[in-house]
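Undergrad: Fold the following.
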Amino acid sequence: MSFRMKAITREDHLAFVRARPAVSHMQIPSWGDVKPDWRAESLGWFDESDRLVGVGLVLLRPLPKLKRYFAYLPEGPVIDWATPDLERWLEPMLAYLKARGAFSVKMGPPVVTRRWSAEAVKAAIADPQARRLRDVEATVHEPRAFDVADRLRLLGWQQTEPGGEDGFAAGQPRYVFQVPFAGRSLEEVQRGLNQQWRRNIKKAEKAGVKVIQGGYEDLPAFHQIYVETAERDRFMPRPLAYFQCMWTALKAEEPDRMRLYLAQHEGEVLAAATMLAVGEHVWYSYGASTSRKREVQPNNAIQWRMMSDAHTLGAGVYDFRGIIDTLEENNHLLGLLRFKAGSGGEAVEYLGEWDFPLNKVLYKALDLYMSRRCYCGGPPRADRRRRCRERGTPTAGRPVELPVVHCGSRALGARTTSGSTR
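TA: Alright, predicted model coming up:
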């Protein structure tokens, strides 16, 4: 028998989340407030005893001039993914969303498929024969993930392929880098850092770099160097108002849901980053740094402070978010992978995002339209696509975007320096 689904209150949604060790920050009620261009709803699954057994935050975006919606559950929903009868969960969700006018549903099962140790990642980068992380033998395989994938295919779900630049550009990152904290002291975590990281942390301390927690009033300082980072690393930055909205919405739900850190040297902000926390999971969300005074190592200093504070908060994992899949030296993001691997954690592959077309005609039409459209929202013309490529802006493989949002929409997967989206 399938579960019953209905809309639930924010309070019931949040209570369910708080009762779990960890849930994605994109599946909490306040995340919907961060996405004003979407209509957010809290959904609940109920068993035969009318007990709430699962929740999901769905973001709905209308098609222009049509009362039809693209439905998106980023890194969710929060259900029992280990169950052999996933149809009990997914069929009522699809029926509910279809009745709400959805023409397509996208979700991101929070299911890990493989893990690579920092040593394995380092060896893969050094191997000239290795082209992509996905082709490198993993340190750990999660067998149940492949069972989940098989069941989803049998139910009619379609796995989406990463688009743009190695998975940074379409939806949420499939590959992330995480540092396990559970059962480890902070000293043990520090010993797991590679020699370069430990040296740089000491160098920053000796140089007088100070890492402080900032407040709402410090967001403009963060944003200034974030824009500088965007220009240097070739991604489209979000406006300051987005971060102000995020700060207000998330901290209204939980005071420690979001933090801002700034690394200062002689009164100048050299690096800044935001940190998100839900239960025992902590994420490095957005990061920025100036090209000035790199020799004082502000990036290692700010990350170590964030990791230390996350450990104090009781985190079971510190999540650096997205990493690239490619291992080729000419990729300008390979340095970011090296940096994260120096933390001594592990590269983690998730099951990725999955689509269910409820109206195949509309789904295919949007797929075709978006395959010809560049990030910057321009028309599907060859000259526009050429200019996008010249700026380093991917153009193809966008079956899930909607023809709107401003450049850099994280909800639709624009790349950031930390590699997280949404």
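Undergrad: Strands of the stretch 1-150 of the chain, residue ranges please.
TA: All strands of the stretch 1-150 of the chain, identified by DSSP state E, counting those that start in this stretch, fall at 4-7, 39-46, 52-62, 69-73, 102-107, 112-117, 140-141.
Undergrad: hey, where'd the helices end up in the stretch 301-422 of the chain?
TA: Taking DSSP state H, counting those that start in this stretch as the test, the helices found in the stretch 301-422 of the chain are 334-341, 360-371, 382-390.
Undergrad: quick revisit: right, so of the strands of the stretch 1-150 of the chain, which gets closest to residue 348?
TA: Among the strands of the stretch 1-150 of the chain, strand 112-117 comes nearest to residue 348, with 5.4 Å by C-beta to C-beta. Where you see a C-beta, it was placed from the backbone N, CA and C, and this is true even at glycine.
Undergrad: any idea how far the closest one is from the chain center?
TA: 17 Å (C-alpha atoms, centre = their mean, to the nearest Å).
Undergrad: so for it, what's the average pLDDT?
TA: Strand 112-117 carries an average pLDDT of 97.
Undergrad: neighbouring contacts of it?
TA: Residues from elsewhere that reach strand 112-117 (C-beta atoms under 8 Å, 6 or more residues apart in numbering): 124, 133, 136, 138-142, 145-146, 149, 346-351.
Undergrad: how about a cut-off of 6 Å?
TA: 138-142, 145, 346-351 (C-beta atoms under 6 Å, 6 or more residues apart in numbering).
Undergrad: now swap in stretch 85-96 and tell me
TA: Against stretch 85-96 from outside (C-beta under 6 Å, 6+ apart): 2-3, 5, 79, 151, 155.
Undergrad: what would those residues look like in TSV with neighbour count and pLDDT?
TA: Shown next, in TSV, are these (neighbours: other C-beta atoms under 10 Å; pLDDT from 0 to 100):
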residue	neighbour count	pLDDT
2	14	80
3	20	94
5	20	96
79	21	98
151	17	97
155	14	97
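Undergrad: what's the most distant pair in those residues?
TA: Greatest spatial distance in the contacts of stretch 85-96: 5 and 151, 18.8 Å, computed using C-beta to C-beta.
Undergrad: pLDDT weak spots in the stretch 201-350 of the chain?
TA: By pLDDT under 70, the stretch 201-350 of the chain contains no weakly predicted segment.
Undergrad: at 90 instead, please
TA: Within the stretch 201-350 of the chain, the stretches with pLDDT under 90 are 232-235, 294, 326, 328-333.
Undergrad: which stretches of it form strands?
TA: For the stretch 201-350 of the chain, applying DSSP E, counting those that start in this stretch gives strands covering 210-214, 258-265, 268-278, 281-289, 317-322, 346-350.
Undergrad: a markdown table for those, including distance to residue 33 and mean neighbour count?
TA: Formatted as a markdown table, the strands of the stretch 201-350 of the chain follow (distance: least, C-beta to C-beta, whole Å; neighbours: other C-beta atoms under 10 Å):
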| stretch | distance to residue 33 | mean neighbour count |
| --- | --- | --- |
| strand 210-214 | 21 | 17 |
| strand 258-265 | 12 | 22 |
| strand 268-278 | 14 | 24 |
| strand 281-289 | 16 | 26 |
| strand 317-322 | 21 | 24 |
| strand 346-350 | 25 | 23 |
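Undergrad: Adding distance to residue 17, write those out as CSV.
TA: As requested, those are exported to CSV (distance: least, C-beta to C-beta, whole Å):
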stretch, distance to residue 17
strand 210-214, 24
strand 258-265, 15
strand 268-278, 7
strand 281-289, 11
strand 317-322, 17
strand 346-350, 19
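Undergrad: circling back: pick the most buried one from the strands of the stretch 1-150 of the chain.
TA: Stretch with highest mean neighbour count among these: strand 69-73 (a mean of 25; mean count of other C-beta atoms under 10 Å).
Undergrad: for that strand, the distance to its chain's centre please.
TA: Here strand 69-73 is found 17 Å from its chain centre; the criterion is C-alpha atoms, centre = their mean.
Undergrad: Can you list the strands that that strand pairs with?
TA: When pairing is defined by DSSP bridges, strand 69-73 lines up against strand 52-62 (antiparallel), strand 102-107 (parallel).
Undergrad: which residues are contacting it?
TA: Here strand 69-73 has contacts from 56, 58-62, 97, 101-102, 104-107, 402, using C-beta under 6 Å, 6+ apart.
Undergrad: Next, the angle from it to strand 39-46.
TA: If you take axes from the mean of the first three to the mean of the last three C-alpha atoms, to 10 degrees, strand 69-73 sits at 60 degrees to strand 39-46.
Undergrad: Just the C-alphas of strand 69-73, formatted as CSV.
TA: Below are the C-alpha coordinates for strand 69-73, written out as CSV (Å, rounded to 0.1, in the frame of the first residue of the first chain):
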residue,chain,number,x,y,z
TYR,A,69,5.2,23.8,-13.5
PHE,A,70,8.6,22.4,-13.3
ALA,A,71,8.9,20.6,-9.9
TYR,A,72,12.3,20.3,-8.2
LEU,A,73,13.3,18.6,-5.0
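Undergrad: pLDDT (mean, whole number) over it?
TA: Mean predicted confidence for strand 69-73 is 96.
Undergrad: Residue 4 versus the residue in the chain sticking out farthest from the centre, what's the distance?
TA: Distance from the C-alpha centroid of the chain peaks at residue 49, with 34.8 Å (C-alpha atoms, centre = their mean). Per C-beta to C-beta, to the nearest Å, residue 49 is found 11 Å from residue 4.
Undergrad: and if you look at residue 304?
TA: With C-beta to C-beta as the criterion, residue 304 and residue 4 are 47 Å apart.
Undergrad: for residue 22, same thing?
TA: 26 Å.
Undergrad: same deal with residue 148?
TA: Distance of residue 148 to residue 4, given as C-beta to C-beta: 23 Å.
Undergrad: likewise residue 85?
TA: Distance, residue 85 to residue 4, by C-beta to C-beta: 15 Å.
Undergrad: what's the answer for residue 126, then?
TA: 53 Å.
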